[in-house]
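K.L.:
From the sequence below, what's the structure:
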Amino acid sequence: MSKLKNRLAVLVVSCDKYSDLWKPFFSLFWRFWPDCPFNVYLLSNNISPAIPQVKNLLVGHDISWSDNLRKAVAQLKEEYILLFIDDLFLYDFLDTGKVLEVLNRALENKANYVRLNALPKPDKKFDETIGIVSKGTIYRSSVVSSVWKKAVLLDLLRPGENAWDFEIFGSVRTDRYDRFYSSYKNLMPVSNTVIKGKWRRCAVKKCRSLGIEVDLNKRLIMTRIEATAFSLKQLRTTLLNLLPAKHRRKIKDFILREKVNMVLQPVKNTIKRSLLYEIIGPVWQKIDKQFAYVAYLWVSQLIDPVKLIKGIPRFFSYFNDLVKYKKFDGSEVIRFRDLYPRIHDKTAGQGFDRHYFYQDIWAAKKIHESKCKHHVDVGSRVDFVAFLTIITKVTYIDIRPLIAKLENFESKNASILSLPYEANSIKSLSCLHVAEHIGMGRYGDQIDPKGTIKAASELSRVLAPGGNLYFSLPVGKPRICFNAHRIHSVQQILDYFSNLQLVELAGIDDNRNFFRNVDKAVLDMCDYGCGLFRFTKNTTNQSES
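P.N.:
Residues are numbered from 1 along each chain as shown. Presented below is the predicted three-dimensional model:
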């Protein structure tokens, strides 16, 4: 152990503009690897943070990923370097014993490189502990959870390259070296958190499920369009990995060869510096991402490509669990017709829809506090309506009647555009995440561009003086996403209910933050926020029909 400790260092490759990642990265690093036996270093430019058990390596002005790494590596005395990337967070405990077993076996054989995560897997067997990563295979120089001989890494690095360039072109350069090894299993449970400078949505959820807060004020979160485009790229990688290892790099080289790239790079740089590119470049990138997102929405109605991507490895995990289960003494006989795979539920955190989660709590609390004897709901979530029956008597209105036998519950088949009540007759009324759908035919209703406006007018008509209307729908930059929903500004909703008085405005922003009292400007800046409105009708409005 002590001999290996003096030969190997852990180097976290970062830069000052990613300093907001350091606190969550190292919080998870030491939580899940508390017995790390090696010296840990952080590569940065000029910022020298005081992080316990971490030594800083300052490299000065940020030139490029490869230039920064060369400067940092040159400062290390250890013979081998375990690279960590700053946006790859540990999310589970790792087995130090297994890591040391792989490292000792590889270093006994004078390894130049050891991959601790089998991504991709070794294509040849060396022994029971490690496999060989052959020359000519794709991503032979992968930097993810990789251990490098210092001299070899310095020889392969080229000025001006980023990490992605190094993994593609550096793989070609590694063919000069033998003794590239890999473990057969993933020993480093890491997850990518940032893509092109933005937080991945799933990464933010995972961090929060682990009790780690991320600073969304310093770094944006990926939009749904960007997340979908990235998922499509992952699908491309998944399909490529289905091919034999020896053919993957050939296909990759066909698409992008190192020599061709070197010739074309000056041309690309000239184009990027041109005025024309400055004008059309950002527009084209936005159109390209929007096209990918719209394409995903259309295709996912028939088959969800994101689930397809995730489903392939998850099916392997399912069958692996099935085999393990059947090996246990006392396990039941499982017939083929009783196999019932549920492969998308094994997640790091509990997923939930932030709009429905918070709005149901908000509205139920308000209705309970009002102590109303009878409540009418129009089209809201049936779970919410069912829970309300514990509080008070409930009548549920929808064009698709809810057939259920439940105490304190009544269901009526009617439209929100023609409620079966007299004017000024309902003391307690709710309509949550419904009105934005009206008039688009999604739920079998009639097509009508003014559907939401007419729904608001009908809700206003039946609300009794002094009564409460609990209303919610998506808010943000106004637009229609046909035929899913409309998104309104807060002011539009206030105009629709101009004959009512706003008592309370709550809401949920794009970052899943719930605000009990919120300024409408906060919600108007959202892409897809949720506005929670509590209205009342003054006694002067009794004459409204």
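
K.L.:
Which parts of the stretch 151-300 of the chain are helices?
P.N.:
163-173, 201-209, 224-241, 245-255, 258-273, 275-300 (DSSP state H, counting those that start in this stretch).

K.L.:
averaging pLDDT over each of those, which comes out lowest?
P.N.:
The stretch with the lowest mean pLDDT among the helices of the stretch 151-300 of the chain is helix 258-273, at a mean of 48.

K.L.:
Residue 481: what's it in contact with?
P.N.:
With C-beta atoms under 8 Å, 6 or more residues apart in numbering as the criterion, the residues that contact residue 481 are residue 487. For every residue, glycine as well, the C-beta is placed using N, CA and C.

K.L.:
Residue 224 versus that one, what's the distance?
P.N.:
11 Å (C-beta to C-beta, to the nearest Å).

K.L.:
domain assignment for this protein?
P.N.:
The record's domain split for the chain, according to automatic domain parsing, is 2-219, 223-295, 303-347, 354-541.

K.L.:
Would you single out the least confident of those domains?
P.N.:
Summarising mean pLDDT across the domains of the chain, the least confident stretch is domain 223-295, with a mean of 60.

K.L.:
Distance check, residue 176 against residue 170.
P.N.:
In this view, residue 176 and residue 170 are 11 Å apart by C-beta to C-beta.

K.L.:
do residue 335 as well
P.N.:
51 Å.

K.L.:
out of those two, which sits in the busier spot?
P.N.:
Neighbours around residue 335 and residue 170, counted as other C-beta atoms under 10 Å, are more numerous at residue 170. The numbers are 22 against 7.

K.L.:
Over to the nearest residue to the more buried one once chain neighbours are set aside: give its phi and psi.
P.N.:
Counting by C-beta to C-beta, 6 or more residues apart in numbering, residue 170 lies nearest to residue 141, which is 3.7 Å off, once chain neighbours are set aside. With angles defined as degrees, to the nearest 10, residue 141 shows backbone torsions of phi -100, psi 30.

K.L.:
how many neighbours does residue 308 have?
P.N.:
Residues contacting residue 308 under the criterion other C-beta under 10 Å number 14.

K.L.:
That one contacts residue 231, doesn't it?
P.N.:
No: counting by C-beta atoms under 8 Å, residue 231 is not a contact partner of residue 308; they are 9.8 Å apart.

K.L.:
I'd guessed residue 382 sits against residue 402; true?
P.N.:
Yes: in this structure, residue 382 sits in contact with residue 402. The criterion is C-beta under 8 Å, and the distance is 5.7 Å.

K.L.:
Can you give me the buried ones in the strand ranked longest in the chain?
P.N.:
For the chain, the strand reaching the highest residue count under DSSP state E is reported as strand 463-475. Applying a neighbour-count criterion of 16 or more other C-beta atoms under 10 Å, the buried positions in strand 463-475 are 463, 464, 467, 468, 469, 470, 471, 472, 473, 474, 475.

K.L.:
ok, of those, which one's closest to residue 435?
P.N.:
Checking these against residue 435 by C-beta to C-beta gives residue 473 as the nearest, at 5.3 Å.

K.L.:
For the closest one, give me its contacts.
P.N.:
Counted by C-beta under 8 Å, 6+ apart, residue 473 has contacts 433, 434, 435, 436, 452, 485, 486, 488, 493, 530, 531.

K.L.:
Identify the farthest-apart pair in the residues you listed.
P.N.:
The most widely separated members of the contacts of residue 473, counting by C-beta to C-beta, are 452 and 530 (14.9 Å).

K.L.:
how much space is there between residue 205 and residue 66?
P.N.:
Residue 205 is 33 Å from residue 66, by C-beta to C-beta.

K.L.:
go on, residue 13?
P.N.:
Relative to residue 66, residue 13 is positioned 10 Å away (criterion: C-beta to C-beta).

K.L.:
Settle it for me: which of these two has more neighbours?
P.N.:
Regarding residue 13 and residue 66, a neighbour count based on other C-beta under 10 Å identifies residue 13 as having more, with 24 against 19.

K.L.:
Thanks a lot, see you next time.
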